[in-house]
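K.L.:
after the sequence you'll find the predicted model.
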There are 2 protein chains.
Amino acid sequence: MLALEHFVPFRLSVLSNRMTRAVAKVYALRFRLSAPEWRTMAVLGRYGAMSANSVVERTAMDKVRVSRAVAKLMANSQITRRADPRDRRRAILDLTPKGLAVYRQVVPLVLATEADLLRDLSAAERAALLDAMNKLEARTAGISHATADDA
Amino acid sequence: MLALEHFVPFRLSVLSNRMTRAVAKVYALRFRLSAPEWRTMAVLGRYGAMSANSVVERTAMDKVRVSRAVAKLMANSQITRRADPRDRRRAILDLTPKGLAVYRQVVPLVLATEADLLRDLSAAERAALLDAMNKLEARTAGISHATADDA
DNA sequence: GGCATTTGGTTACAAGTGAAACCAAATCCA
DNA sequence: TGGATTTGGTTTCACTTGTAACCAAATGCC
């Protein structure tokens, strides 16, 4: 028998669904952003300009999903895309001033939501949670979306 | 600026995506099960017969998603649905012997996968992780599908 | 150089998804 | 008792998603 209460992948999925929903409320309605769009903006805001591929790695989202989020953000003038002069297949993405303004408005809102959700955790508990997640993320680093030739 | 490395909802989503993918590999190909189907079987296997609504609560999946997973599992004779005599709106779901056999085959495989993914965590770290997740789950218990996006 | 392979990214298409509308049984309540 | 509301669950429809197929630029290799 599978003790789901102690089965980490299952618990993680339930929790992630719920927290994503809670956080999405603050940017979906007010800023008309989808989760893929917000996540793309969030990594650009945090780490600066980067290629779509890097966004894929940072977010664990599918590359098609990122591609579409990028198209939407471009249409809304929230990011720019310029060809990398060193490798013209690669497109460097970055927030526009307009995108940055949205980003700066959303950040305090999602942080407040997170703080509310985490209010039962002590600082030590929160650190332990992040620490465990660091280890799991390192262990799962290679896992991407299965493709035809990838067994 | 939003420090994504310490932002729990984001980290959870990345990790959940990766672990779900890793675990799904073991039942998707070999047993032709989708994640909603497997999750439905998993709660029935763990907690015994229950209504679709209870599956929804246990898994945090949308009720439409559960409804369709149930239809598929019925078509494959892996679960049964019988009307609850006390309340004939409600349908009691349960694994068939065939479904139970599949369940029993999948369980050790997903447990082995989990063990592999968690091998960097000590027993104490794992306990701390589950403990933190318990608190977060309690805090997010009320959150249902009121808004747009997931993933 | 020239042909095959790899890599970054997009498009086409089919499948999966959820919000809203819906149906039927149960419950509320005057 | 009987109409209104609630509840368990399914269907419809529009949208999102991922797989596979694709394009173009870069790289490998002879």
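P.N.:
Good, I have the coordinates.
K.L.:
all contacts plus neighbour counts: C-alpha atoms, from now on.
P.N.:
Noted.
K.L.:
mind listing what's buried along the longest helix anywhere in chain A?
P.N.:
The residue-count maximum for a helix in chain A (DSSP state H) belongs to helix A:8-31. For helix A:8-31, the neighbour count (16 or more other CA atoms under 10 Å in any protein chain shown) marks A:8-28 as buried.
K.L.:
identify the residue nearest the geometric centre of chain A.
P.N.:
A:Arg39 (3.7 Å; CA atoms, centre = their mean).
K.L.:
count residues in the vicinity of A:Asp94, would you?
P.N.:
A:Asp94: 23 surrounding residues under other CA atoms under 10 Å in any protein chain shown.
K.L.:
ignore the last one, A:Arg89
P.N.:
9.
K.L.:
and A:Val110, by the same measure?
P.N.:
Neighbours of A:Val110 using other CA under 10 Å come to 20.
K.L.:
show me the contacts for the closest residue to A:Ala3 other than its chain neighbours.
P.N.:
Leaving aside its chain neighbours, A:Ala3 sits nearest to B:Arg46 (6.5 Å; criterion: CA to CA, 6 or more residues apart in numbering or on different chains). B:Arg46 sits next to A:Met1, A:Leu2, A:Ala3, A:Leu4 when contact means CA atoms under 8 Å, 6 or more residues apart in numbering or on different chains.
K.L.:
give me the neighbour count for the last one.
P.N.:
The reference is to A:Leu4. Neighbours around A:Leu4, by other CA under 10 Å: 18.
K.L.:
mind naming the longest strand for chain A?
P.N.:
What stands out as the longest strand in chain A, according to DSSP state E, is strand A:87-95.
K.L.:
about what we covered before: can the longest helix of chain A be said to contact chain B?
P.N.:
Yes: applying CA under 8 Å from any CA of the partner chain, one finds helix A:8-31 touching chain B at A:8-25, A:28.
K.L.:
give me the angle between the helix or strand just after that helix and helix B:8-31.
P.N.:
Downstream of helix A:8-31, the first helix or strand assigned by DSSP states H and E is helix A:35-47. Interaxial angle, helix A:35-47 versus helix B:8-31 (axes from the mean of the first three to the mean of the last three CA atoms, to 10 degrees): 130 degrees.
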